[in-house]
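J.: no sequence on this one, just coordinates:
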DNA sequence: TTGTAGGCGTTATCAA
DNA sequence: TTGATAACGCCTACAA
């Protein structure tokens, strides 16, 4: 509403002092501080973020970028939880969140421009494709940022991630453990590290167990329900007795196909998903799934970003959440 | 990356000219413009939004505020579609969208502060509660804003809305038309205009049809599935043969309850919802529902906001979308 | 502990 | 058609 000078005048001090009070500078007489504070609340004064940023300060705003199709954003339960977690954690730290949703293709450039445009103190980016230009742009700009999910590049970037390999191993080992021999997998989208990681872990786990790989038992589902359905229809010809789907949406699609074909789940074909998504709850106990600590991913990302913002560590930070995750067996 | 002065220097002109080019000022020699443009793209220059805003210009960013519980945001299909529509339309107009999600209680204040904080050219707000402080704050600040959904206050605000009354009348008349006599309703949340409007239209329609009102046939469901279930359990005692639920989530909850009680839908109890939500598709043909032109709501809101932004009409703009909506009968 | 003054990157006003 | 120059609101040395 009003400018800093008005506050200064009313409090009988200079701009600088008001600024110091606002920014919690310790070098202010306690009395003066109280007086200024009063005037501030009295006038309902809020410093102008644009000016503050321009003058080298912080806006107290961080960006959360989720560059995926908006439609899927609201379908995959991963994102709502993440958004919620990041938002809450930021608020707790007196920061605000700007959420950027972008259609993959079109928006990439403009988002990038804005991000590097000094309005934000920092940025959290989730769900990247390989070699996403956003990362390059962010890296080039001076804005602190952290990725959720690691990035398949040599660029030194900060990130938090879950232990995808370990999680996948748990899933596949579970299937092996219950005696399945022909374990298929439905993968996510091409060009995403998370998909590759899970696929490779699937292969490795089978290999470790001395089970021979069969490329016919691998199909891509693109992380969506229909994809899971379609993938299952292809896999079916090769008679798997188990399927590891890289997320619950595809697992549900696979189950739908299997049931339509008169197969029993899990008796004939056991299905393990990934996410422990609420929308898949109705498919239990047929569906077994892996839970991720999504909320913790979010808060960890925020913490890491804050570190980057106030101290600029020359080395990027990374953190892989230990997999406290377990295969949740059906009740 | 670089500052406007560098561009100016490289192009052999002054800051002012560069600024004019950036802002499409017609008073620039065509040759000069080309030259400047070249240098700009060459340097990958993007004007600093904070500075621009500070100097009285525009950031090209508009805020989309949806002050509801994040969880419900992703459950109700209304919001994803709205977000998508607003985003797309803004992009088409070379603007960017910042999405603000806020927990109802806690966030109200801080959001308000930031909104009136000069970073945004304008704001679109959806899903307000009655007497939401956001509206007052927005109104007090000088920032242009438009509401999606009308506001139950005497404050002169701009808004776009669907014709809730007409939609509701269609729904209830449909139930009357198919011969139902004891038509119940499940309402949304207290303190929201949309809930009241639909409830009143329900009453009015019954009255117009000469059907006596029965307060026992009215129950609140809070716009959520569980609420619809609970509401239906209360209504059941009063033997309705039809239910108009103020949204599909509650309609689905109601159907779930009815089925658990061994009732047939729609034979024993006909159910009409509101939204034509994808997630409710599985309940058709039992469920009949009303479709809203949500996407159009979004683009209309954007258009209206743009009008407010460049010309400041002294009178607020309002627009009620004609109800092209129809009760979609089950296939 | 407080005040002064310069500058952050743009736009807008006014001359030229 | 173009170029100085003063804001815009704040932060941060530097001085006092």
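T.: Perfect, thanks for sending it. If you're wondering where the values come from, they're calculated on a predicted model, not measured in any experiment.

J.: just the helices from chain A, written as ranges.
T.: Shown for chain A, the helices assigned by DSSP state H span residues A:4-11, A:15-22, A:30-43, A:49-54, A:70-75, A:78-92, A:104-115, A:133-140, A:164-177, A:193-208, A:225-235, A:248-260, A:294-310.

J.: out of those, deepest packed?
T.: Across the helices of chain A, averaging neighbours per residue (mean count of other C-beta atoms under 10 Å in any protein chain shown) puts helix A:248-260 on top, at a mean of 24. All C-beta spots, glycine's among them, are computed from the backbone N, C-alpha and C.

J.: residues in contact with that one?
T.: Where contact means C-beta atoms under 8 Å, 6 or more residues apart in numbering or on different chains, the residues beyond helix A:248-260 that reach it are A:75-77, A:186, A:188, A:221-233, A:236, A:243, A:245, A:265, A:268-269, A:271-277, A:279-280, A:283, A:286-287, A:289.

J.: write a PyMOL command that selects only the buried members of these.
T.: This is how PyMOL selects the buried members of the contacts of helix A:248-260, with burial counted by 16 or more other C-beta atoms under 10 Å in any protein chain shown:
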select buried, chain A and resi 75+76+77+186+188+221+222+223+224+225+227+228+229+230+231+232+233+236+243+245+265+269+271+272+273+274+275+276+277+279+280+283+286+287+289
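
J.: quick revisit: mind putting the helices of chain A into JSON lines with distance to residue B:56 and mean pLDDT?
T.: Supplementary listing: these in JSON lines, determined by distance: least, C-beta to C-beta, whole Å; pLDDT from 0 to 100:
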{"stretch": "helix A:4-11", "distance to residue B:56": "18", "mean pLDDT": "88"}
{"stretch": "helix A:15-22", "distance to residue B:56": "21", "mean pLDDT": "91"}
{"stretch": "helix A:30-43", "distance to residue B:56": "22", "mean pLDDT": "89"}
{"stretch": "helix A:49-54", "distance to residue B:56": "11", "mean pLDDT": "86"}
{"stretch": "helix A:70-75", "distance to residue B:56": "33", "mean pLDDT": "61"}
{"stretch": "helix A:78-92", "distance to residue B:56": "30", "mean pLDDT": "82"}
{"stretch": "helix A:104-115", "distance to residue B:56": "20", "mean pLDDT": "60"}
{"stretch": "helix A:133-140", "distance to residue B:56": "28", "mean pLDDT": "80"}
{"stretch": "helix A:164-177", "distance to residue B:56": "49", "mean pLDDT": "93"}
{"stretch": "helix A:193-208", "distance to residue B:56": "44", "mean pLDDT": "95"}
{"stretch": "helix A:225-235", "distance to residue B:56": "49", "mean pLDDT": "95"}
{"stretch": "helix A:248-260", "distance to residue B:56": "48", "mean pLDDT": "93"}
{"stretch": "helix A:294-310", "distance to residue B:56": "29", "mean pLDDT": "91"}
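
J.: residues of the stretch 51-200 of chain A that sit close to DNA strand D?
T.: With the criterion set to C-beta under 7 Å from any atom of the strand, the stretch 51-200 of chain A comes near DNA strand D through A:51, A:52, A:54, A:55, A:56, A:57.

J.: spit out the contact partners of the second one.
T.: Read it as residue A:52. For residue A:52, the set of contacting residues under the criterion of C-beta under 8 Å, 6+ apart consists of A:58, A:59.

J.: and with 7 Å instead?
T.: Contacts of residue A:52 were listed using C-beta atoms under 7 Å, 6 or more residues apart in numbering or on different chains, and they are residue A:59.
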